[in-house]
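In: sequence plus the predicted model coming up.
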Amino acid sequence: MFTVVQAAEEAHNPLLPVVSEIVLALIVFAILFFAIRKYVVPSFEKTFAERTQAIEGGLSAAETKQAEADAKLAELEKQLADARHEAARIREEAREQGAQIVVEMREQAQAESSRIIEHGKTQIEAERQQAVTSLRAEVGALATTLAGRIVGESLDDEARQSRVVERFLADLESDGSTTTGSGVN
Amino acid sequence: MSVHVSLSEATPVAAEGGDGGFIAPGPGSFELPPVFEVAGFGVTKPMLLLILSAVLILAFTIAASRNAQMVPGRLQFAGETVYGFVRNTLARDNIGSEHFMKFVPYLFSLFMFILVNNYYGIFPFLQFPTMSRIGFVIPLALMSWLIYVGAGMWKHGVFGYFKHATMPSGVGGPILILLVPLEFFSNILVRPVTLTLRLFGNMFAGHLLLILFATGGAALLTSGNALYAGVGILSFALGIGVSFLEMLVMFLQAYVFTLLSSMYIGEALADEH
C-alpha cells in the first residue's frame, strides 16, 4: 500500500489541480455563500441597523430631555427672580407704610394734645368767668355791707341813702362798661 | 484510514529503520489517499475538511446572528466582530459606501472559508490546511476575478472597463503601446494567478515546515544517538514556534485574499484611477 501511494506522489505535481477538488470547492463555497447571503448577512445587518437606530433614538430622546430640563430651569429661575422682586417690593411697601403710620400717629398725637390744651383753656376761661360773676355779686354785697358799716347812721337818712346808692351804681356801671374787671379792682 | 494516518506521519514510520531511513517530507505529504470512495470518486481528508468547514462556518454564523440582541452575548459579539471587520474594514473602506453591500456576502463567505480551512493546519487531529491543495484555491481566485471584472463591466461597460483597467488616466501618445499590454497583463491576467499562488504557497510551505520539524524531531529522538536526540528536542521547540508563526500566517492569508479581492472590486468600480 505504501509503495503504491509513494508512486502516486511522485507522479503528481502539487501545482496541478485535481478537477474533483475544484468542483467540490465550487459546490461547497456556493452553498456556503448562498446560505450566508440568505440567513447570516440580513440578520447581522438588521441588528446593526437596529442598534444604530436605538443609539440615534436614545440621543434624540436625551436631547429632548435636556431641552425640557433647560426650559424648566429657566422657568424656575424666572420664578425665583419674580419672587425676589416681589419680596423686595413688599418690603419697600411695608417700609413706606410704616413711615406713613408713624407720621399719622404723630399728627394724631399732636392734634390730640392741642385739643386737650384747647379744652383746658376753655375750661379755665369758663371757670374764670364763673368766678368773676360770683365775685361781682359777692363784691357788691360786701361793698354794700362794708359801706354801710363805714357810713353808719349817716345813711339812715332815706334821701341821702338812695342818692349814694344811685351814684355808686352809676359809677359801677360806667366802670363795668369800660373794663369788666375794673369794678373789682 | 490506517494508511492515511501512517502517511501524514509517514516519515517517522519510515525513519524507524535508522538514520538512512528518514524520508524528508515533500509534495507527496500532501497527496492523501482516499478515505473512502463514493461512486468511483475517492473522497480524501481535505475534501471532508472542506465540507466540514462550510458546516462549521454556517453553524457559527447562524448561531451568532440568529435571535440577535441589542446588547450582544459572547457568541453574537464574536460573530459581529468578524462580520463587522469584513464588512467595514475590508469591504466598505475599499469599495466605497455606495456599492459595498452587494459584495459583503461574498467577501464574508470568502474570508470565513479561507480562515477556517487555513486553521485546520494547526488544529489537533485535523492538522491539514485545506488550502495547501491548489485545486481548492483556484475556484476562489477565479470567483474573485470574475466578480471584479464583472463589477467593472457592469459599471463602465465591456469596452469601457478594458479602457478603465488598461489605460491610466493622464497618459497619452505612443507610451500607451507599451503601457496597455502591461496593464492588461498585470490587472487582468496576473491577479487571479497571484491570488491563487499566494494562498496556496503559504499554506503549502507552512504545512511542509511543520511536518519537517515534527517528523524530523521524531526521527532524531528515536535515532538512539543522544546528541541527535538533543537536536530533536530543539526541532520540536522550533516546531512549536513555527506553529505560532503559522497561526499568524493563516489569518494573514485569509485577510490578504479578502482584502485584495475587495481592493480589486473597489478599483474596478472607481470612477477614475
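Out: Ah, there it is.
In: please make it C-alpha for all contacts and neighbour counts, starting now.
Out: Noted.
In: and the average pLDDT for whatever helix or strand B:Met203 lives in is what?
Out: Secondary-structure assignment from DSSP states H and E places B:Met203 in helix B:190-221. For helix B:190-221, the mean pLDDT works out to 92.
In: what does stretch A:67-87 give?
Out: 96.
In: residues in contact with that stretch?
Out: Residues outside stretch A:67-87 that contact it (CA atoms under 8 Å, 6 or more residues apart in numbering or on different chains): none are found.
In: and the residue of chain B most remote from its centre, what does it touch?
Out: With CA atoms, centre = their mean as the measure, chain B has its most outlying C-alpha, relative to the mean C-alpha position, at B:Gly173: 41.3 Å. If a contact means CA under 8 Å, 6+ apart, then B:Gly173 has no contacts.
In: hang on, it in a helix?
Out: No. Read with DSSP: H, G, I helix; E, B strand; the rest coil, B:Gly173 is coil and lies in no helix.
In: angle of the lengthiest helix in chain B against helix B:190-221?
Out: Secondary structure of chain B read by DSSP state H shows that its longest helix is helix B:226-269. If you take axes from the mean of the first three to the mean of the last three CA atoms, to 10 degrees, helix B:226-269 sits at 170 degrees to helix B:190-221.
In: what stretches of the stretch 51-200 of chain B score poorly on pLDDT?
Out: Counting by pLDDT under 70, not a single residue of the stretch 51-200 of chain B qualifies.
In: contact residues of it facing chain A?
Out: B:51, B:54, B:58, B:61-62, B:65-66, B:68-70, B:80, B:83, B:104-106, B:109, B:113, B:133-140 (CA under 8 Å from any CA of the partner chain).
In: in PyMOL, select just the buried ones from those.
Out: Of these, the buried ones go into a single PyMOL selection, burial set by 16 or more other CA atoms under 10 Å in any protein chain shown:
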select buried, chain B and resi 51+54+58+61+62+65+68+80+83+104+105+106+109+113+133+134+135+136+137+138+139+140
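In: now, the residues of the stretch 51-200 of chain B next to chain A that are in helices?
Out: Those of these lying in helices (DSSP H): B:51, B:54, B:58, B:61-62, B:65, B:80, B:83, B:104-106, B:109, B:113, B:134-140.
In: what distance separates the lengthiest helix in chain A from the middle of the whole chain?
Out: Ordering each helix of chain A by length in residues (DSSP H) puts helix A:41-151 first. Relative to the centre of its chain, helix A:41-151 is centred 10 Å away, using CA atoms, centre = their mean, to the nearest Å.
In: buried residues in stretch A:19-29?
Out: Buried residues in stretch A:19-29 (16+ other CA under 10 Å): A:21-22, A:24-26, A:28-29.
In: what's the closest non-adjacent residue to the residue in the stretch 101-250 of chain B that chain A sits nearest to?
Out: Residue of the stretch 101-250 of chain B nearest chain A, by CA to the nearest CA: B:Gly135 (4.2 Å). Spatial nearest neighbour of B:Gly135, excluding adjacent residues (CA to CA, 6 or more residues apart in numbering or on different chains): A:Pro17 at 4.2 Å.
In: local confidence estimate at the one you found?
Out: Reported pLDDT for A:Pro17: 89.
In: and if you look at the one 5 residues further on?
Out: Confidence at A:Ile22, expressed as pLDDT, is 92.
In: surely it and B:Gly135 touch.
Out: Yes. Between A:Ile22 and B:Gly135 there is a contact under CA atoms under 8 Å: 4.9 Å.
In: between those two, what contacts are shared?
Out: Counting by CA under 8 Å, 6+ apart, nothing touches both A:Ile22 and B:Gly135.
In: backbone dihedrals for A:Leu16, please?
Out: phi -90, psi 120 (degrees, to the nearest 10).
In: could you check how many residues crowd around it?
Out: 10 (other CA atoms under 10 Å in any protein chain shown).
In: quick one: residues contacting the closest residue to it other than its chain neighbours.
Out: In this structure, A:Leu16 finds its nearest non-sequential neighbour in B:Ile134, 7.1 Å apart by CA to CA, 6+ apart. Neighbouring residues of B:Ile134 by CA under 8 Å, 6+ apart: A:14-17, B:196, B:200.
In: B:Gly42 belongs to a strand?
Out: Yes. Assessed by three-state DSSP, B:Gly42 belongs to a strand.
In: ok, what's across the strand from it?
Out: Listed beta-bridge partners, B:Gly42: B:Glu37 (assigned using DSSP bridges).
In: count of residues packed around it?
Out: 14.
In: and what of B:Phe251?
Out: Neighbours of B:Phe251 (other CA under 10 Å): 16.
In: next one: it from chain A, what distance?
Out: 19 Å (CA to the nearest CA, to the nearest Å).
In: and that residue, what pLDDT?
Out: 96.
In: for chain A, name the helix or strand with the lowest mean pLDDT.
Out: Every helix and strand of chain A was ranked by mean pLDDT, DSSP states H and E. The lowest is helix A:2-11, at a mean of 46.
In: what's downstream of it, the next helix or strand?
Out: Immediately after helix A:2-11, counting by DSSP H and E, sits helix A:19-35.
In: that following helix vs chain B: in contact?
Out: Yes. Taking CA under 8 Å from any CA as the criterion, helix A:19-35 and chain B are in contact, through A:19, A:21-22, A:24-26, A:28-29, A:31-33, A:35.
In: against which helices or strands is that helix packed?
Out: helix B:45-65, helix B:100-119, helix B:134-156 (3 or more CA pairs under 8 Å, 6 or more residues apart in numbering or on different chains; DSSP states H and E).
In: winner for burial among these?
Out: Burial of these is given as mean neighbour count (mean count of other CA atoms under 10 Å in any protein chain shown); helix B:100-119 ranks first at a mean of 23.
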